Each structure stands twice: as structure tokens, then as C-alpha cells.
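Trainee: Okay, sequence plus prediction incoming.
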Amino acid sequence: MALEITGKVLQLLAEQTGAGKNGTWVRRDFVIETTDQYPKKICFSGWGDKAAQVNGLQPGQSVKVSFNPESREFNGKWYTDLRAWKIESDRGQSEGGSAGTVERTAPEEFLPSSSSSDENDLPF
């Protein structure tokens, strides 16, 4: 399940590192605030190469975050982690390069025809 949300960066939290069975790991959390009518503050985690990308963010910067939510149980309590897998800044740049724009065009059946001889045609 992949989700997307946009907002402004509020805070960059300290980088965390450690050693696991697969080697060393790096994690950097960051908090954004949505721009909805009732703004929400949400904390995301950037792991590995995404932690380095989080280092380039600035408070106040607009971002779009694609993430996967994951919950796990530990000692009878549940913990939820929002792992960012793509972070796009307001400049349209992401980990994979620049983001393209989508241009929408209307299907031909909805476009006005230039050769209409019907007397009941509206002028607009």
C-alpha cells in the first residue's frame, strides 16, 4: 500500500544510526504539516539513502511524500511507522530526478466541432 501526502516541513529530527544483522542502518525522521483546512502534523522516517535526502530538506519547504505505513507489536503495544520512499520538493525534484507534469487533454468526442450547421447551436 503506497500513500501520498503534501505539506510543509516543520522539523528535521536527529539522525539515528545502529548496527543490525544486515549491517549498519541510518534513519532520519522529519515532521510535515498538511495544508488542509484543519492541518495535521505527521512524522515520517527516511531510511538508508532517504535519510541522506532528508538532510537536504529545509523547514518551511513544501514537499510531497510518498510513503508506506507499517505497524508492529512489541510487548502488547502497537507502533506505527510511516516510511517515506519518495520525497519531492516544491521545486519538483525527487530522489529519482525531476518530476514531470501531467498534461490532460479532452477526448475528441467532447471537443466542439468547427463545422456545425445545426440552427439550435449555442454561441458558447
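Mentor: Structure's in. What do you need?

Trainee: switch to C-alpha atoms for all contacts and neighbour counts from now on
Mentor: OK.

Trainee: you'd agree Glu15 is up against Arg28?
Mentor: Yes - between Glu15 and Arg28 there is a contact under C-alpha atoms under 8 Å: 4.6 Å.

Trainee: any shared contact partners between these two?
Mentor: When C-alpha atoms under 8 Å, 6 or more residues apart in numbering defines a contact, the residues bordering Glu15 and Arg28 alike are Ala51.

Trainee: Comparing the two, which residue is more hemmed in?
Mentor: Arg28 (21 against 16; other C-alpha atoms under 10 Å).

Trainee: partners of the helix or strand hosting Gly7, with directions?
Mentor: Element membership for Gly7, per DSSP states H and E: strand 3-20. Strand pairing for strand 3-20, determined by DSSP bridges: strand 23-34 (antiparallel), strand 62-74 (antiparallel).

Trainee: How far off centre is it?
Mentor: 12 Å (C-alpha atoms, centre = their mean, to the nearest Å).

Trainee: cool, and stretch 73-86?
Mentor: 18 Å.

Trainee: residues in contact with it?
Mentor: The list of residues contacting stretch 73-86 from outside it, by C-alpha under 8 Å, 6+ apart, reads 43-47, 50, 65-72, 94-95.

Trainee: Of all pairs in those, which one spans the longest distance?
Mentor: Arg72 and Ser94 (28.6 Å; C-alpha to C-alpha).

Trainee: Compare those two (neighbour count), which wins?
Mentor: Using other C-alpha under 10 Å, the more surrounded residue of Arg72 and Ser94 is Ser94, with 17 against 10.

Trainee: Test for you: state the pLDDT assigned to that one.
Mentor: Note on Ser94: pLDDT of 44.

Trainee: Tell me how many other residues surround Ser45.
Mentor: Applying other C-alpha under 10 Å, we find 20 residues neighbouring Ser45.
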